[in-house]
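Asks: One predicted model, sequence on top.
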Amino acid sequence: MIEIRQFPARDDNYGVLVHDTVSGATASIDAPDEEAILDALEETGWRLSHILVTHHHYDHVEAVTALKERFGVQVIASAYDTERGRVPAVDRSVGDGEHLFLGQTRIDVVAVPGHTLGHVAYHIPSAHALFAGDTLFSLGCGRLFEGTAGQMWASLKKLRALPGETMVYCGHEYTQSNARFALTIETDNSNLKRRAREVDALRDEGLPTVPAKLADEIATNPFLRADVTSVKVALGMLDASDEAVFAEIRERKNRF
């Protein structure tokens with residue numbers, strides 16, 4: 001059995017601990033903030049055994065070295081980032097389609113280039129949980145710092161194909177701003193309007209908007225809907241390729 005603890009870190013990051021209750025093994029998804037992770041470990045009574053890195057950006061790896069020195073954890077990152085020395089203290093490199101085990105719990109590695117070229121996501125089928133880093137946000141997606149629109153669109157389609165009940169954990173609390181942008185793309189999407197109201201209510205109370213159910217993302221997140229006819233019509237791009245529509249949505253978000 002898996003337990004998951006999400007907590008705020010840095011300015012708008014989220015940290016996540018994943019705990020296997022049988023073995024006692026505990027993984028941190030990324031390592032954005034040593035103090036926040038230590039506080040979460042103290043609150044839960046868990047001992048850190050692994051760090052699963054999604055990508056090399058500083059706000060996701062800052063505490064890797066300090067946590068490894070403190071706990072002797074196993075650090076796991078993508079082969080792409082490991083080969084280029086972009087993540088410190090890596091013990092195991094992984095690629096698309098590989099499986100990890102936290103105790104007896106299987107974790108699937110999904111390569112999702114786009115935000116960065118070495119980005120991976122971690123999917124735990126038995127827990128219906130996806131740790132998407134900065135690839136898929138609630139009502140958004142990451143900027144294309146290294147990859148192309150085609151790569152990101154392909155990555156998002158891979159994540160979109162997971163079971164609808166999957167809960168998406170992402171690296172940042174961006175949902176409220178993402179909702180405002182999404183409403184400029186699909187002004188008549190009733191599901192989106194409902195979600196935007198729910199997001200505003202949560203943030204008014206200082207509560208997180210993630211994790212989010214993948215089925216809700218598929219119904220409301222414009223970056224997962226670039227191949228939907230109504231979205232293409234709204235953008236005046238009915239005859240455009242899905243990739244071109246995605247690229248247009250991403251560019252509009254860059255300027256939003």
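Replies: Done, it's in.
Asks: show me what contacts Tyr122?
Replies: With contacts defined as CB atoms under 8 Å, 6 or more residues apart in numbering, the neighbours of Tyr122 are Ile29, Leu52, Thr54, Leu100, Ile107, Asp108, Val109, Val110, Leu130, Phe131. For glycine as for every other residue, the C-beta is placed from the backbone atoms N, C-alpha and C.
Asks: so how far is Arg10 from it?
Replies: Applying CB to CB, to the nearest Å, one obtains 20 Å for the distance of Tyr122 from Arg10.
Asks: And for Glu62?
Replies: Where Arg10 is concerned, Glu62 sits at a distance of 8 Å (CB to CB).
Asks: who touches both of those two?
Replies: Taking CB under 8 Å, 6+ apart as the criterion, Glu62 and Arg10 both touch Pro32, Asp33.
Asks: Comparing these two, which residue is more hemmed in?
Replies: Between Glu62 and Arg10, Glu62 has the larger neighbour count (other CB atoms under 10 Å), namely 19 against 16.
Asks: Would you agree the more buried one is in contact with Ala36?
Replies: No: with contact defined as CB atoms under 8 Å, Glu62 does not reach Ala36; the gap is 10.8 Å.
Asks: Would you convert the contacts of Tyr122 into TSV that also reports secondary structure?
Replies: What follows is those, written out as TSV (DSSP: H, G, I helix; E, B strand; the rest coil):
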residue	secondary structure
Ile29	strand
Leu52	strand
Thr54	coil
Leu100	strand
Ile107	strand
Asp108	strand
Val109	strand
Val110	strand
Leu130	strand
Phe131	strand
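Asks: top of the residues you listed by neighbour count?
Replies: Using other CB under 10 Å as the neighbour definition, those reach their maximum at Thr54, which records 28 neighbours.
Asks: what secondary structure does the closest residue to it other than its chain neighbours sit in?
Replies: Excluding its sequence neighbours, the residue lying closest to Thr54 (CB to CB, 6 or more residues apart in numbering) is Gly133, at 3.0 Å. Reducing the assignment at Gly133 to three states with three-state DSSP gives coil.
Asks: can you tell me how far Gly133 sits from Ala127?
Replies: With the distance defined as CB to CB, Gly133 ends up 17 Å from Ala127.
Asks: Looking at the two now, which is surrounded by more residues?
Replies: Gly133 (27 against 16).
Asks: got the contact list for that one?
Replies: With contacts defined as CB under 8 Å, 6+ apart, the neighbours of Gly133 are 29-30, 54-55, 60, 112, 115, 119-121, 142, 170-171.
Asks: Can I get the contacts of Tyr122 in CSV including pLDDT and distance to Leu17?
Replies: Output for those, formatted as CSV (pLDDT from 0 to 100; distance: CB to CB, whole Å):
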residue, pLDDT, distance to Leu17
Ile29, 98, 8
Leu52, 98, 11
Thr54, 98, 15
Leu100, 96, 16
Ile107, 98, 14
Asp108, 98, 19
Val109, 98, 19
Val110, 98, 20
Leu130, 98, 16
Phe131, 98, 11
